[in-house]
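Q: Test case, fold it:
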Amino acid sequence: MKADLIVGIQWGDEGKGKIVDRLACEYDMVCRSQGGHNAGHTIWVDGVKYALHLIPSGVLNPKAINVVGNGVVLSPESIIKEMAQFEGLEGRLFISDKAHLNLSYHAMIDQARERLKGDKAIGTTGKGIGPAYADKINRIGHRVGELLNPAKLCSSIMNYFEQNRDIFDILEIKTPNKEELLEELEGYRVKFAPFITDTTQMLWRALDEENKRVLLEGAQGTMLDIDHGTYPYVTSSSTVSAGACTGLGINSKDIGKVTGIVKAYCTRVGNGPFPSEDLGEDGKRLGKQGHEFGTTTGRARRCGWFDAVACRYASRLNGCDELALMKLDVLDGFSEVKICVAYELDGVEIDYLPQNLEDVKPIYKSFKGWSGSAGVRKFEDLPKEAQEYVRVIEEITKTKVGIISTSPEREDTIIL
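A: Take a look at the predicted model:
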């Protein structure tokens, strides 16, 4: 069978976790393809909040196998804390032996570099994601499989510090104590040995079985993609659907249905262009009603109106078969809602994303607001203004809306 895919269409934080969790009951395997613990998926089930950063969102389905793919950079310390939320993970959670390690010194490098950049900082989460991926590309990184030989890995890390001592001195980062490092790595070996495997082979076997259903999920969103996002204010990995192939070791023919996740408005964390950002009272209200604070950092998210131009771009880039429109209920109570339908660049109206996105001005179309969408589970029960809003998004983005979320709860979901 083919693997279905969930992908973020905006700047991350779209609500992928809820949709994967909602769909996971229908799948035998849920796989994470890229990113690290800078990403956060929040899932609410029966009033209980689960915050996931590395473990796939299918973990709340007791029958699903959860795979952390080779494209992920894994913080052992972070995933251990995450694993503590759940029981009986052996046999249900597997980590690629080819995933790269994101160790404590990567976060130190990340934070030090952001400080040195001052007002030119990217606005990263400071979790070490960029430095971990940089080591991977520079072919000096360390893989999860190396945890099975702590002594050899410890020696390699100590050599890494020795070879880069000049850089670490500038960043004011001390060389770790060898004995303490070895003890830490030995602890990781004991903890992770039951979970480390060749996940590519696992996935191939599952796809070859006609009765096995596989769901793929990524982290962040398309507009943060290292190649196709708002560079340089992006993440360090490929967040688009094609990135799932390299991040899990499958080919494009293995991909089935692609569902793009979007909010009914837009948010962004950190620096970088955000054409439809609202710096006035409406933006503040969106943040308050949407509880827009980062799952990972707690930082307030920048808020603005739905950007249909960026959504159309991202939908085409990912080959979306449908969109899942999240947080429609957050727009309840607004007398007027807006959609960015085009940009103005140097006095000319355009309907595409230029490279200099920071220079564009949004062109909006306004719609009458509504109340009463929260908790609705049937499309026909939505206020007629909300129904119109959904249909306009379909028309402008040229992508049908297949799922609508009307609250954080799992069951408050409309399937069209």
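Q: CA only for contacts and neighbour counts going forward, please
A: OK.
Q: Break down the stretch 1-150 of the chain into its strands, ranges please.
A: Secondary structure of the stretch 1-150 of the chain, counting by DSSP state E, counting those that start in this stretch: strands at 3-8, 29-32, 41-45, 48-52, 65-68, 73-74, 93-96, 100-101.
Q: Any chance of those strands in a markdown table with mean pLDDT, distance to D359 and mean neighbour count as columns?
A: Shown next, in a markdown table, are the strands of the stretch 1-150 of the chain (pLDDT from 0 to 100; distance: least, C-alpha to C-alpha, whole Å; neighbours: other C-alpha atoms under 10 Å):
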| stretch | mean pLDDT | distance to D359 | mean neighbour count |
| --- | --- | --- | --- |
| strand 3-8 | 96 | 24 | 25 |
| strand 29-32 | 95 | 35 | 29 |
| strand 41-45 | 72 | 31 | 20 |
| strand 48-52 | 81 | 35 | 15 |
| strand 65-68 | 96 | 38 | 26 |
| strand 73-74 | 97 | 34 | 30 |
| strand 93-96 | 98 | 42 | 24 |
| strand 100-101 | 98 | 37 | 26 |
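Q: Can you add distance to R316 and give the ones you listed back as a markdown table?
A: A markdown table is the format used below for the strands of the stretch 1-150 of the chain (distance: least, C-alpha to C-alpha, whole Å):
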| stretch | distance to R316 |
| --- | --- |
| strand 3-8 | 12 |
| strand 29-32 | 22 |
| strand 41-45 | 24 |
| strand 48-52 | 28 |
| strand 65-68 | 27 |
| strand 73-74 | 27 |
| strand 93-96 | 30 |
| strand 100-101 | 30 |
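Q: The ones you listed: which one's closest to G145?
A: Checking the strands of the stretch 1-150 of the chain against G145 by C-alpha to C-alpha gives strand 93-96 as the closest, at 7.7 Å.
Q: The closest one packs against which elements?
A: Contacting strand 93-96 under the criterion 3 or more C-alpha pairs under 8 Å, 6 or more residues apart in numbering; DSSP states H and E are the following elements: strand 65-68, strand 196-197, helix 199-208.
Q: Of all residues in the chain, which one is nearest the centre?
A: Ranked by distance to the mean C-alpha position of the chain (C-alpha atoms, centre = their mean), the top residue is A219 at 2.1 Å.
Q: tell me the angle the lowest-mean-pLDDT helix or strand in the chain makes with strand 48-52.
A: Sorted by mean pLDDT, DSSP states H and E, the helices and strands of the chain end with strand 41-45, the least confident at a mean of 72. Relative orientation of strand 41-45 with respect to strand 48-52: 160 degrees, computed using axes from the mean of the first three to the mean of the last three C-alpha atoms, to 10 degrees.
Q: before we move on, the earlier item: turn the helices and strands packed on strand 93-96 into a markdown table, columns for distance to G40.
A: As requested, these are arranged in a markdown table below (distance: least, C-alpha to C-alpha, whole Å):
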| stretch | distance to G40 |
| --- | --- |
| strand 65-68 | 15 |
| strand 196-197 | 22 |
| helix 199-208 | 22 |
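Q: Could you identify which of those is most buried?
A: Each of the helices and strands packed on strand 93-96 was scored by mean neighbour count; the highest is strand 65-68, a mean of 26, by mean count of other C-alpha atoms under 10 Å.
Q: from memory E277 sits against G283, does it?
A: Yes - between E277 and G283 a contact is recorded at 7.3 Å, counting by C-alpha atoms under 8 Å.
Q: For the residue in the chain sticking out farthest from the centre, what are phi and psi?
A: For the chain, the residue at maximal distance from the C-alpha centroid (C-alpha atoms, centre = their mean) is E179, at 35.8 Å. Phi and psi for E179, reported as degrees, to the nearest 10, are phi -70, psi -40.
Q: Roughly how far does it sit from L74?
A: Spatial separation of E179 from L74 under the definition C-alpha to C-alpha, to the nearest Å is 22 Å.
Q: now swap in W11 and tell me
A: According to C-alpha to C-alpha, W11 stands 21 Å off from L74.
Q: per-residue pLDDT, G260?
A: Reported pLDDT at G260 in the predicted model: 97.
Q: buried set for stretch 346-358?
A: Of the residues in stretch 346-358, 350, 357 count as buried by neighbour count, 16 or more other C-alpha atoms under 10 Å.
Q: Residue ranges in the stretch 101-250 of the chain under the pLDDT threshold?
A: Low-confidence segments of the stretch 101-250 of the chain, defined by pLDDT under 70, are located at 116, 118-123.
Q: Please repeat the previous calculation with a cut-off of 90.
A: Along the stretch 101-250 of the chain, the parts satisfying pLDDT under 90 run over 107-128, 164-174, 209-211, 218-219.
Q: gap between the closest residue to L353 other than its chain neighbours and P362?
A: The shortest distance from L353 to any non-neighbouring residue, by C-alpha to C-alpha, 6 or more residues apart in numbering, is to A310 (6.8 Å). With distances taken as C-alpha to C-alpha, A310 is found 11 Å from P362.
Q: again with V20
A: As defined by C-alpha to C-alpha, V20 lies at a distance of 32 Å from P362.
Q: Strands of the stretch 251-400 of the chain, start to end?
A: 255-263, 266-268, 302-304, 306-307, 322-326, 336-345, 348-350, 361-368.
Q: Which elements pack onto the shortest one?
A: The reference is to strand 306-307. Contact partners of strand 306-307 among helices and strands, from 3+ C-alpha pairs under 8 Å, 6+ apart: strand 336-345.
Q: Recalculate using a threshold of 6 Å.
A: For strand 306-307, the contact count by 3 or more C-alpha pairs under 6 Å, 6 or more residues apart in numbering; DSSP states H and E identifies no helix or strand as a packing neighbour.
Q: Could you pull up phi and psi at the closest residue to E385 other than its chain neighbours?
A: Residue nearest to E385 in three dimensions, not counting chain neighbours: W370, with 6.0 Å by C-alpha to C-alpha, 6+ apart. Per-residue torsions, W370: phi -150, psi 170 (degrees, to the nearest 10).
Q: quick revisit: run a quick neighbour tally on the residue nearest to L353.
A: Counted with other C-alpha atoms under 10 Å, residues neighbouring A310 total 22.
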